[in-house]
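[1] I would like to see how this sequence folds:
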Amino acid sequence: METRVPHVSEEENQDPGAAPYGNFVNYYTFNPPENRLSLIPGTLLENIGLGSERVVILDVGCNSGVKGLQILISASGSDFSKREVHLLGFDLDQDLILRAQNSNPFTQNIQFIPLDITDAAESQAVLESYLGRFGCPRFQLCTCFAVTMWVHLNHGDAAFFFFFFRIGFFFWFFLLEAQPWKCYRSAARRLRKLGRSDFDHFKTLEIRGDMAAHAREHLEKQCSMDLVQSFGNTAWDRSLLLFKRR
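    Just a heads-up that it's a prediction; the model follows:
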């Protein structure tokens, strides 16, 4: 069944915590991609052993595609003759995906699609189909910036952990930015300020506190991954963590 996410208007987005699914139409005006990507070395692919081979990247929660485009340019050095890099970005919000598609100058190397990762059957079919085009069993790298909180708030504790299990099946390396607990409180407060219903699970969540630590523990103990490197914290105090499948 198709999930139609209510799009958040420009007026509502003046408050950066107002989007119930994180689907801000002007997200990169108040949190530019450089806030994260400046912490990540330009030699990341070489550092993890992906220097010259074909690289297929997954960008989870791509919003309007700006971050995905910068990731692709950084990974390829804008010279696709030296390194074949492909990126698939997806987001729940079909309007944001349309914006990403319309502003994409690299249609041969990057694709943006509407997809809900919490729909296990559909996401598995779509991601396996994309990988099949390149004969790859998994994406070499998956980026997931500021997504986990929205899964957690809208679907609960079990979905928070299942998200990592579900998405973890599809990659070798995982670059994660998990929002801290203070972001949960801010998102709930700002949603109430707009007169909207509270998040269904906010008051009953038992997984609280250091969310990056919870994610790391689950990834290491339950998802067969190891922490490779921490790139430090963004200006918004969010950890950037790189994991590798064992």
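
[2] just give the nearest non-adjacent residue to the most centrally placed residue in the chain, would you?
    By C-alpha atoms, centre = their mean, the chain has its centre lying nearest to C144, at 2.7 Å. Spatial nearest neighbour of C144, chain neighbours left out: V60 (4.4 Å); criterion: C-beta to C-beta, 6 or more residues apart in numbering. All C-beta atoms are positioned from the backbone trio N, CA, C, and that covers glycine.

[3] tell me which residues are up against the helix or strand encompassing the residue nearest to the centre of the chain.
    Assigned by DSSP states H and E, C144 falls within strand 139-145. Here strand 139-145 makes contact (C-beta atoms under 8 Å, 6 or more residues apart in numbering) with 36, 45, 48, 50, 55-61, 67, 71, 88, 131, 167, 170-177.

[4] what's the answer for stretch 40-48, then?
    Here stretch 40-48 has contacts from 51, 55, 74-75, 83, 141, 173, 175, 228, 231, 240, 242, 244, using C-beta under 8 Å, 6+ apart.

[5] show only the entries of these found in strands.
    55, 141, 173, 175, 228, 231, 240, 242, 244 (DSSP state E).

[6] gap between the second one and P41?
    Put plainly, it is L141. L141 sits 13 Å away from P41, going by C-beta to C-beta, to the nearest Å.

[7] comparing the two, which residue is more hemmed in?
    Counted by other C-beta atoms under 10 Å, L141 and P41 do not tie: L141 has more neighbours, with 24 against 11.

[8] bridge partners for the more buried one, pull those for me.
    Residues in a beta bridge with L141, per DSSP bridges, are I57, F173.

[9] hmm, back to that, hmm, which of the contacts of strand 139-145 are the buried ones?
    Buried by 16 or more other C-beta atoms under 10 Å: 36, 45, 48, 50, 55-61, 67, 71, 88, 131, 167, 170-177, out of the contacts of strand 139-145.
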